[in-house]
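*Asks:* Quick check, what structure comes out for this input:
(one chain, ligands or ions: 1)
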Amino acid sequence: MSFKIIIFSTLSLNLLCVFTLAFDPRPLQDFCVADQTSSARLSGARACKDPATVEADDFFFRGGLHLAGNTSNPTGSSSTTVAVDQIPGLNTMGLILVRVDLRRNGFFPPHIHPRATELVTVLEGSMEIGFVTSHPGSNKHFSKVVRKGDVFVVPVGLVHYARNVGKGNAAALVAFNSQRPGFIFVPSGVFGTTPPIDAGFLAGAFMLDQKIVQDLQKKF
Ligand SMILES: *[C@@H]1O[C@H](CO)[C@@H](O)[C@H](O)[C@H]1NC(C)=O
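*Replies:* Have a look, this model is predicted:
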């Protein structure tokens, strides 16, 4: 009986820890405008500048987000980030915004944001967005074609991707509920590491010829 209680309370404690650690900390004051002259960091956040010197411009980003980014690159994608470097007042707020553009057939390869849920609002065109559930589970793949005006959620920490499935350009505004969502691209995070992961081992893990693994390692 007391054993059960111990297990139960350990479990609730774990759940509590996961719950509190999975999100950026709550601010302890109205704002903590980043002091761009300080290199001090606390858990990734910037030091606050003197509140007496804070002004409206600290919470403002002038224009640009209505413009398409440059997608002349191998993935046909671009992202324009509005985070603490662009708006110092975003410091400690647990939130950033990114405009993404995908030219025809452009894509964001499978990747993970370890610290943020992602909320995608499509502004133009149509993109397929998909994510995959974690283990234990069944690697269940959820995907949706998301069109102009539609909104799709990608839960925190899951492998996901986006690709343009329309005939023209696609664009979206993406909000992340972390000041530092983190990006882990699966292809380069496995085949483009420094130093490389053993090719024979990767060949076994991916059930591929070692030659193919070595070719992939050269590409990243
Ligand atoms: C877009 O990016 C490509 C590749 O980096 C570059 O050559 C080109 O000049 C850029 N175009 C514009 C309009 O900035």
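
*Asks:* Where does the prediction get shaky in this protein?
*Replies:* Across the chain, the ranges flagged by pLDDT under 70 are 1-22.

*Asks:* Can you report how many residues lie near residue 50?
*Replies:* 8 (other Cβ atoms under 10 Å). C-beta here means a position set from N, CA and C on the backbone, and glycine is covered the same way.

*Asks:* residues contacting residue 168?
*Replies:* 104, 124, 125 (Cβ atoms under 8 Å, 6 or more residues apart in numbering).

*Asks:* Let me know the secondary structure of it.
*Replies:* coil (DSSP: H, G, I helix; E, B strand; the rest coil).

*Asks:* What of residue 139?
*Replies:* Relying on three-state DSSP, one would call residue 139 coil.

*Asks:* Report the separation between it and residue 130.
*Replies:* Distance, residue 139 to residue 130, by Cβ to Cβ, to the nearest Å: 12 Å.

*Asks:* More neighbours: these two, which one.
*Replies:* Neighbours were counted for residue 139 and for residue 130 using other Cβ under 10 Å; residue 130 has more, 18 against 9.

*Asks:* residue boundaries of the strands in the protein?
*Replies:* Taking DSSP state E to define them, one finds strands in the chain at 41-42, 45-46, 77-82, 96-102, 107-112, 118-124, 126-132, 141-147, 151-154, 159-164, 170-176, 184-185.

*Asks:* Show me the strands paired with the first one, marking each as parallel or antiparallel.
*Replies:* Which is strand 41-42. As defined by DSSP bridges, the strand partners of strand 41-42 come to strand 45-46 (antiparallel).

*Asks:* got it, and the fifth one?
*Replies:* Pairing partners of strand 107-112, with direction, according to DSSP bridges: strand 159-164 (antiparallel), strand 184-185 (antiparallel).

*Asks:* Which residues outside it are in contact with it?
*Replies:* Counting by Cβ under 8 Å, 6+ apart, 75-77, 100, 102, 157-164, 182-187 sit against strand 107-112.
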